[in-house]
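J.: Task: produce atomic coordinates for the following.
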Amino acid sequence: MKRELKLIKQGAVRTRFAPGPTGFLHIGSVRTALFNYLFAKQNKGKFILRIEDTDKERSKKEFEQDIIDNLKWLGLEWDEKYRQGERTKIYEKYIKKLLDEKKAYYCFCTKEELEDIKQEQMSRGEAPKYNGKCRKLSKKEIENNLKQGKNYIIRFKVDSKKIKFNDLIRQEVEFDTNLIGDIAIAKNEKTPLYNFAVVVDDYEMKISYVIRGEDLLPNTPKQILLQKALGFTQPEYAHLPLILGPDKSKLSKRHGATSIREYAEQGYLPEALINFLAFLGWNPRDDREIFSLASLKKEFSLEKVQKSGAVFNIKRLDYINGFYIRHKPLKELTELCIPYLIQAGLITPGLKTEQYPPAYGGMIISPKYTVNETKEEISLEKLEKIVFIYQERLKKLSEITDLADFFFKEKLDYEKDLLKWKDMAEKEVISSIDKSINILSKIENWNKDNIEKELLREAGEDRGQLLWPLRVALSGKKYSAPPFEIAETLGKEKTLKRLNQAKKICQK
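T.: Numbering: from 1, shown residues only. Sure, this is the predicted structure:
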């Protein structure tokens, strides 16, 4: 059956992203934020950020700041922002309402008693749920227990019925409340638990669409029951498919899933992450693979979100990131790569700055730098040349240090056998290096085109005999950019110096 969304009045859409600041922002959570953001913006609605910090023990300011920093870095700007920790009086009002209307009650069961109930039910093959032991306590018993200072929580009475609702992705969903039991909704009159706080906040903030992960689907019937008991309107629900690893198991760190901060620090671009995450569950139903945030706002729709799990493939993320790197203006790309060169200890900026973070921007770019090993000065223009050589090969910004570190070294360290092309003898390698020295020393107008032209003229049929030893001598690596580009960037003096160093290595 075709899924259809109701006609949406422009401006009536209000979505929310509601993370708990109990850890660094995870890539799966950002997928949820993105889909909420896109749906709201496409319908000229509002995107709400709600920090769910009622878990005082686990919530930390550093995690809240991480959420804020990452959303801004990704371009997912919110229209309104709330913190549950500042809304205690609102929750208290609604908790009291349910208690006064006898729709909720005090539960004094200890952890041990609850565990006994659970084990007994499981021994009979039943799904564990609260058995309603405290539901029928008299007013006097409740007052006595409170006077004695007994620990308690507040539970909501769940009656036996079927809960049906239409999910915009999964269509009609039905739950049997007999499997739920009375819901714990608050630790006390002032401290709500998750399901209760969510229901109150969604109502008070006029959230019209709740778009969230499929793992939260079991909470939906509980929240619908609370909405009805409080006389609240019910938002539309859309539960996104789970994100799976390539082996179709639940996504975990072994699949490459980690915090957004770590992806940023590895050198993934925000636009690449947005593009990648959009395809985790959504598909434009054509061959296009590259979408900017602006184009996603126009084309995203919940109708094109799949029901089945979305497969997380780090190789696809690398491909998309490589695409965006290749299309970056060289100056901007160089500025993005510089922090990694600094962090690796290859260069030091000429300007003193407090820090050079490899992500999130805000970095002061120095016009000049010092190569740490040689103490030579290196200009921003020279760094641009180095980055340009590897722009087509970079999959993530952090790779620049391993690919281009030889440009910042006085002496290269490699095994002499690496200089050999196929089965070349040592004498042949030395002869090849001498030939390169002879050719290159005669070039006066030192540029890539002249270097390439002169070398290829003398290379013969098996170019590898001349170019492989040359490339290894200049880079010290098995794989690198072509020797013509490297030689141009190193300059004539350094190129000839490295070739002479290679001869010495070969003669050891």
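
J.: Which strand residues bridge the residue nearest to Leu280 when sequence neighbours are not counted?
T.: Nearest residue to Leu280 in three dimensions, chain neighbours excluded: Ala310, at 4.0 Å (CB to CB, 6 or more residues apart in numbering). Any C-beta I mention is one placed from the backbone N, CA and C, and that applies to glycine too. Assessed by DSSP bridges, Ala310 has beta-bridge partners Ile243.

J.: my read: Ala83 touches Thr54, true?
T.: Let me fix one detail, which is that residue 83 is Arg and not Ala. No. Judged on CB atoms under 8 Å, Arg83 makes no contact with Thr54 at a distance of 9.7 Å.

J.: Neighbour count for these two, which is higher?
T.: A count of neighbours by other CB atoms under 10 Å puts Thr54 above the other of Arg83 and Thr54, at 21 against 15.

J.: residues of the helix or strand containing Asp434 that come out buried?
T.: Using DSSP states H and E, Asp434 maps to helix 426-441. Under the neighbour-count criterion of 16 or more other CB atoms under 10 Å, helix 426-441 has Val429, Ile430, Ser432, Ile433, Lys435, Ser436, Ile437, Ile439, Leu440 buried.

J.: need the residues you listed in JSON lines with distance to Glu64 and pLDDT, can you?
T.: Output for these, formatted as JSON lines (distance: CB to CB, whole Å; pLDDT from 0 to 100):
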{"residue": "Val429", "distance to Glu64": "60", "pLDDT": "96"}
{"residue": "Ile430", "distance to Glu64": "63", "pLDDT": "96"}
{"residue": "Ser432", "distance to Glu64": "61", "pLDDT": "96"}
{"residue": "Ile433", "distance to Glu64": "59", "pLDDT": "97"}
{"residue": "Lys435", "distance to Glu64": "63", "pLDDT": "96"}
{"residue": "Ser436", "distance to Glu64": "58", "pLDDT": "97"}
{"residue": "Ile437", "distance to Glu64": "61", "pLDDT": "97"}
{"residue": "Ile439", "distance to Glu64": "62", "pLDDT": "97"}
{"residue": "Leu440", "distance to Glu64": "58", "pLDDT": "97"}
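
J.: With just CA atoms, put stretch 306-313 into CSV.
T.: Taking Å, rounded to 0.1, in the frame of the first residue of the first chain, the C-alpha atoms of stretch 306-313 are listed here in CSV:
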residue,chain,number,x,y,z
GLN,A,306,12.7,2.8,3.3
LYS,A,307,11.4,0.4,6.0
SER,A,308,14.3,-2.0,5.9
GLY,A,309,17.6,-1.4,7.6
ALA,A,310,20.1,1.1,6.1
VAL,A,311,23.6,-0.3,5.6
PHE,A,312,26.5,1.8,6.8
ASN,A,313,29.5,1.4,4.5
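
J.: same question for it, mean pLDDT?
T.: Throughout stretch 306-313, pLDDT has a mean value of 92.

J.: How about stretch 251-260?
T.: When pLDDT is averaged over stretch 251-260, the result is 75.

J.: what's the first-to-last distance across that stretch?
T.: Using CA to CA, to the nearest Å, one end of stretch 251-260 lies 15 Å from the other.

J.: by contact count, what packs against the helix or strand encompassing Asn275?
T.: Taking DSSP H and E as the definition, Asn275 sits inside helix 270-278. Judged by 3 or more CB pairs under 8 Å, 6 or more residues apart in numbering; DSSP states H and E, helix 270-278 is in contact with helix 27-42, helix 61-74, helix 260-266, helix 293-299, helix 314-326.

J.: Run the chain-centre distance for the helix holding Asp434.
T.: Between the centre of helix 426-441 and the centre of its chain there are 49 Å (CA atoms, centre = their mean, to the nearest Å).

J.: what packs against it?
T.: In terms of contacts (3+ CB pairs under 8 Å, 6+ apart), helix 426-441 is packed against helix 448-459, helix 464-475, helix 492-507.

J.: coming back round to it: the inter-axis angle of the helix holding Asn275 versus helix 314-326?
T.: Helix 270-278 runs at 150 degrees relative to helix 314-326, counting by axes from the mean of the first three to the mean of the last three CA atoms, to 10 degrees.

J.: Helix 270-278 vs helix 27-42, what angle?
T.: Using the same axes, to 10 degrees: helix 270-278 against helix 27-42 is 90 degrees.

J.: And the residue lying farthest from the centre of the chain, how far from Phe108?
T.: Outermost residue of the chain with respect to the C-alpha centroid, by CA atoms, centre = their mean, is Lys140; its distance is 53.6 Å. Separation of Lys140 from Phe108 (CB to CB, to the nearest Å): 14 Å.

J.: do the same with Val30
T.: Distance, Val30 to Phe108, by CB to CB: 41 Å.

J.: can you give me the angle the helix holding Asp434 makes with helix 448-459?
T.: Here helix 426-441 points in a direction 140 degrees away from that of helix 448-459 (the same axes, to 10 degrees).

J.: could I get helix 426-441 in PDB with only the CA atoms?
T.: What follows is helix 426-441 as a C-alpha-only set of coordinates in PDB (Å, rounded to 0.1, in the frame of the first residue of the first chain):
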ATOM      1  CA  GLU A 426      71.900  -2.600  -8.100                       C
ATOM      2  CA  LYS A 427      74.200  -1.300 -10.900                       C
ATOM      3  CA  GLU A 428      71.200  -0.700 -13.100                       C
ATOM      4  CA  VAL A 429      69.500   1.300 -10.300                       C
ATOM      5  CA  ILE A 430      72.600   3.500  -9.800                       C
ATOM      6  CA  SER A 431      72.900   4.000 -13.600                       C
ATOM      7  CA  SER A 432      69.200   5.000 -13.700                       C
ATOM      8  CA  ILE A 433      69.700   7.500 -10.900                       C
ATOM      9  CA  ASP A 434      72.800   9.000 -12.600                       C
ATOM     10  CA  LYS A 435      70.800   9.300 -15.800                       C
ATOM     11  CA  SER A 436      68.000  11.200 -13.900                       C
ATOM     12  CA  ILE A 437      70.600  13.500 -12.300                       C
ATOM     13  CA  ASN A 438      72.200  14.200 -15.700                       C
ATOM     14  CA  ILE A 439      68.800  15.000 -17.400                       C
ATOM     15  CA  LEU A 440      67.400  17.100 -14.500                       C
ATOM     16  CA  SER A 441      70.600  19.100 -13.900                       C
END
